[in-house]
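**Q** Turn this into a structure:
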Amino acid sequence: MTISGSAFSGASAVRFNGVSASFSSVLYGSLIATVPAGASTGPISVTTPAGTGTSTASFTVSVPAASITVVPTSGPPGTPITVSGSSFGAGDAVDVYFDATPLALAVTDGNGSFGGIVIYVPANAAPGPHQVSATWRSRAPTAAAASPGSRSRFPAPPYQVSIG
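**A** You can find the predicted model right below:
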């Protein structure tokens, strides 16, 4: 991202709410920085030989929406469906559903992804459209997870599958 300002020449550090960031293309009035992993919403600061300047407005860090992929997307009852997901939290438990029925539990890796979870189209699935979905849940009790509905992440959008 481009950070605009003045007197950036000789910049030695860029921080997003205190987290160090890599940066390049330093000009007097701008520089290019990469939002670091672990950054949170807060001010941006740039350190130069003249001192450290801090933004008056906060930079907002947003969490990517969780998503899943499903292969194959059609088949008769009994068909194995491989489900993978990304952009959940690291080490999170994720419930995988066929329509409203939970069929599997996945645990994400350090990047918030999971793969290779196999569910089967239920034997009683009627022909027509159905949904495969995944919902994040807390991996451990925390103050935020203790009260229902207080998740910081939302379920992945459902994936449409067709039973024929």
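**Q** Residue most distant from the centroid, the chain?
**A** The C-alpha centroid of the chain is most remote from Ala50, which lies 37.4 Å away (CA atoms, centre = their mean).
**Q** Give me the neighbour count for the residue nearest to it when sequence neighbours are not counted.
**A** The shortest distance from Ala50 to any residue other than its chain neighbours is 6.0 Å, reached at Ala7 (CB to CB, 6 or more residues apart in numbering). To be clear about C-beta, it is placed using only N, CA and C from the backbone, and glycine gets the same treatment. As a burial measure, Ala7 scores 14 neighbours (other CB atoms under 10 Å).
**Q** go on, the one 4 residues further on?
**A** For Ala11, the tally of surrounding residues (other CB under 10 Å) stands at 20.
**Q** the longest strand in this protein is where?
**A** Looking across the chain with DSSP state E, the single longest strand is strand 128-137.
**Q** For Val63, see how far away the residue farthest from the centre of the chain is.
**A** Distance, Ala50 to Val63, by CB to CB, to the nearest Å: 35 Å.
**Q** cool, Asp95 as well?
**A** Relative to Val63, and taking CB to CB, Asp95 is found at 19 Å.
**Q** Between these two, tell me which one has more neighbours.
**A** Asp95 (15 against 12).
**Q** so when I look at the more buried one, I'm seeing a helix, right?
**A** No - counting by DSSP: H, G, I helix; E, B strand; the rest coil, Asp95 falls outside a helix, being strand.
**Q** Correct me if wrong: it contacts Ala134.
**A** Yes - Asp95 is within contact range of Ala134, at 6.7 Å (criterion: CB atoms under 8 Å).
**Q** Number of residues surrounding Ala106?
**A** Ala106 has 21 nearby residues by other CB under 10 Å.
**Q** Name the SS class of it, please.
**A** Assignment for Ala106 (three-state DSSP): strand.
**Q** That one: what's its closest spatial neighbour, skipping adjacent residues?
**A** Phe114 (4.0 Å).
**Q** Hmm, Val107 is touching Val94, no?
**A** Yes - counting by CB under 8 Å, Val94 is a contact partner of Val107 at 7.4 Å.
**Q** So between those two, which is more surrounded?
**A** Neighbour count, other CB under 10 Å: between Val107 and Val94, Val94 has more, with 26 against 12.
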